[in-house]
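> Provide a 3D model corresponding to the input given below.
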Amino acid sequence: MRSLPTRRIAAVALTAAASVVALAGPAFAHVTVNPGTASQGGYTAVDFRVPNESDTASTVKLEVNLPLDHPLASVRTLPMPGWTAVVEKSKLDKPIKVHGSDVNEAVSKITWTADAATKIAPGQFQEFRVSLGPLPTDADSMAFKALQTYDNGDVVRWIDESKEGQPEAAHPAPVLKLTKASGDDHHGAGASATASPAAGTHGDSSDHAAASDGDRKASDSTARTLGVVGIVVGVIGTAVGIAGLRRKSSGSAS
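Okay, here's the model as predicted:
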């Protein structure tokens, strides 16, 4: 009978720990754009970060759809060993002006397919880098609907658009937030087309900025993970301590 409170305390501790992990888990599981912000009218390099959510299957394909309501004239992929990238273009209903010239088509989809020996295995993630521009000046965000395919045939559709004030969608589309360009932005709307960051060019300032932001986000994710682990350990430690005190008190009373 004396062990009943101890069992109850342990159960409460485990439940609390599971709740903390469950609440923290979704923050790391989505397909995301990194860095998550860029300047309107400029060029940027971003990574589509793809975590593998399955315990048994591996990711073998990623499809990213680019919004044609705000078409991008320059889209370039960074070569990745073991993956083949196919870029598809679509004709625009209305041409857009880019540096004084009409652009009649724009990239509408990029598909990365893994070679036979290359997959994103359980417990792993991969980043797919793309340079984009010029970014629209009349929008505050861009959503890139994505499809993630596993080698068992499962397809996860990251296409839901979250609405302000509403709970986050189950499978939110990756979103790039756009901010007003500052006076120091060297890749603004007035830059020439040749000024867009070339894929794989490490000397470009926008690539360095993207990499730095990506590192910061990775560090933030690591910090959140360590924080979750610390909370779980603290909850369990508290429960064990209380159980020990109860056993000690029971022993003294007898």
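
> beta partners for W112?
When bridges are taken as DSSP bridges, the partners of W112 come out as L62, A85.

> the strands in the stretch 51-200 of the chain, which residues?
59-65, 74-77, 83-98, 101-114, 125-133, 141-143, 146-150, 155-158, 175-179 (DSSP state E, counting those that start in this stretch).

> Format the ones you listed as a markdown table; extra columns: mean pLDDT, mean neighbour count and distance to V46.
All C-beta spots, glycine's among them, are computed from the backbone N, C-alpha and C. Listed next are the strands of the stretch 51-200 of the chain as a markdown table, based on pLDDT from 0 to 100; neighbours: other CB atoms under 10 Å; distance: least, CB to CB, whole Å:
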| stretch | mean pLDDT | mean neighbour count | distance to V46 |
| --- | --- | --- | --- |
| strand 59-65 | 98 | 21 | 10 |
| strand 74-77 | 96 | 19 | 11 |
| strand 83-98 | 91 | 13 | 14 |
| strand 101-114 | 93 | 17 | 12 |
| strand 125-133 | 97 | 21 | 6 |
| strand 141-143 | 96 | 19 | 10 |
| strand 146-150 | 98 | 21 | 13 |
| strand 155-158 | 97 | 16 | 15 |
| strand 175-179 | 96 | 17 | 6 |
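
> of these, which approaches T32 most closely?
Closest to T32 of the strands of the stretch 51-200 of the chain, according to CB to CB: strand 175-179, at 8.3 Å.

> circling back: what would the strands of the stretch 51-200 of the chain look like in CSV with distance to A38?
Putting the strands of the stretch 51-200 of the chain into CSV (distance: least, CB to CB, whole Å) gives the following:
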stretch, distance to A38
strand 59-65, 16
strand 74-77, 13
strand 83-98, 17
strand 101-114, 17
strand 125-133, 8
strand 141-143, 9
strand 146-150, 18
strand 155-158, 19
strand 175-179, 6
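
> Tell me which of the ones you listed approaches D47 most closely.
Set against D47 and scored by CB to CB, those come closest in strand 125-133, at 4.0 Å.

> which helices and strands does that closest one pack with?
The contact analysis (3 or more CB pairs under 8 Å, 6 or more residues apart in numbering; DSSP states H and E) places strand 125-133 against strand 44-51, strand 59-65, strand 74-77, strand 101-114, helix 205-253.

> now do 7 Å
Identification of packing neighbours for strand 125-133 by 3 or more CB pairs under 7 Å, 6 or more residues apart in numbering; DSSP states H and E yields strand 44-51, strand 74-77.

> Just to check, E105 is in contact with K91?
Yes - shown here, E105 and K91 form a contact pair, counting by CB atoms under 7 Å, at 5.0 Å.

> How about the contacts made by the closest residue to P71 other than its chain neighbours?
Distances taken as CB to CB, 6 or more residues apart in numbering put A106 closest to P71, at 3.5 Å, once the chain neighbours are dropped. For A106, the contact set (CB atoms under 7 Å, 6 or more residues apart in numbering) comprises L68, P71, L72, A73, K89, S90, L92.

> Could you dump these into JSON lines with distance to N152 added?
Shown next, in JSON lines, are the contacts of A106 (distance: CB to CB, whole Å):
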{"residue": "L68", "distance to N152": "32"}
{"residue": "P71", "distance to N152": "35"}
{"residue": "L72", "distance to N152": "33"}
{"residue": "A73", "distance to N152": "38"}
{"residue": "K89", "distance to N152": "31"}
{"residue": "S90", "distance to N152": "31"}
{"residue": "L92", "distance to N152": "37"}
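
> Looking at those residues, which is nearest T179?
L72 (17.0 Å).

> Give me the spatial nearest neighbour of the closest one, chain neighbours excluded.
Here the residue nearest L72, using CB to CB, 6+ apart, is L132, at 5.3 Å.
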